[in-house]
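# my questions concern the predicted model and sequence given below.
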Amino acid sequence: MTGDADRATALVMHVGETGARCPACGYSLEGLQGDVCPECGVGLRLTLVRRGRSWPWVFGLMGLAIGDGLLTLALGSLVLMVVVAEWYQYPEAGIVAAIMLVAIAGQSWALARWIARHDRVTAWRAAMAWLVSAGVGAAVWLGAAVAAFA
C-alpha cells in the first residue's frame, strides 16, 4: 500500500508543478488530491516515457532547411538575371520562376510538416530528407548558376 501512496503523492506533486490536464477529458488537474480525475473519474497514474533520439529529426530538419534555402537562393538568382541580364524577353524565365515558387511552397510545406511530426522521425526519413530536399535544392541552384553564366 505504501507504493500506491508514494505514486499518488508523486502524481499530485507533478500536477502541481506542471498544471497537467486529464488525458481523458482535458479537465485541469490543478489542486488534485488523489489519483482520480475529479471531473470524469478516470484513474490517473504518472509514467515516464522514453523518447527516441533527436538526432534524426535535427539531421532531417537541416536537410529540409538547406533545400528550402537553396531553392530560395535559386529564385533570387533568377530574379537578378531577369533584371540585370534582361531575361524578361525570354518567356522561359517566367515558367522557371513559377516552377521554383511551387518547389519552394512544397519544400516549406514539407519543412512545416517535419517540425510538426517530430515524434515520427526515423534515421531513414532523415536521410531521405537530405537526399530529396537538399539534393533537389542544390540541383536547381546549380542549374540557375550555370544558366546565369552561360
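Received it, and whenever you're ready, just let me know what you need.
# and the longest helix for the chain?
Of all the segments of type helix in the chain, defined by DSSP state H, the longest one is helix 55-84.
# and the one helix or strand Arg113 maps to, what does it pack onto?
For Arg113, the host element (DSSP states H and E) is helix 91-116. Packing contacts for helix 91-116, counted by 3 or more Cβ pairs under 8 Å, 6 or more residues apart in numbering; DSSP states H and E, involve helix 55-84, helix 135-149. Backbone N, C-alpha and C define where each C-beta goes, glycine included.
# what's the angle from the longest one to helix 135-149?
Counting by axes from the mean of the first three to the mean of the last three Cα atoms, to 10 degrees, helix 55-84 points 20 degrees away from the direction of helix 135-149.
# what about Ala24, how many neighbours?
By other Cβ atoms under 10 Å, the residues close to Ala24 number 13.
# confirm Gly31 sits in a strand?
No: counting by DSSP: H, G, I helix; E, B strand; the rest coil, Gly31 is not part of a strand but coil.
# tell me both backbone torsions, phi and psi, for it.
In terms of degrees, to the nearest 10, the main-chain angles of Gly31 are phi 80, psi 20.
# how close does it sit to Val15?
Gly31 is 8 Å from Val15, where distance means Cβ to Cβ, to the nearest Å.
# where does pLDDT dip in this structure?
For the chain, the stretches with pLDDT under 70 are 1-8, 11, 16, 48-53, 87-88, 91, 119, 145, 147-150.
# OK, contacts around the most centrally placed residue in it?
The centre of the chain sits closest to Ile115, judged by Cα atoms, centre = their mean, with a distance of 1.1 Å. Neighbouring residues of Ile115 by Cβ atoms under 8 Å, 6 or more residues apart in numbering: Leu61.
# what separation do you get for it and Val96?
Applying Cβ to Cβ to Ile115 and Val96 gives a distance of 29 Å.
# for Arg21, same thing?
The gap separating Arg21 from Val96 is 50 Å, by Cβ to Cβ.
# these two touch, right, Trp114 and Val58?
No: applying Cβ atoms under 8 Å, one finds Trp114 not in contact with Val58, separated by 10.6 Å.
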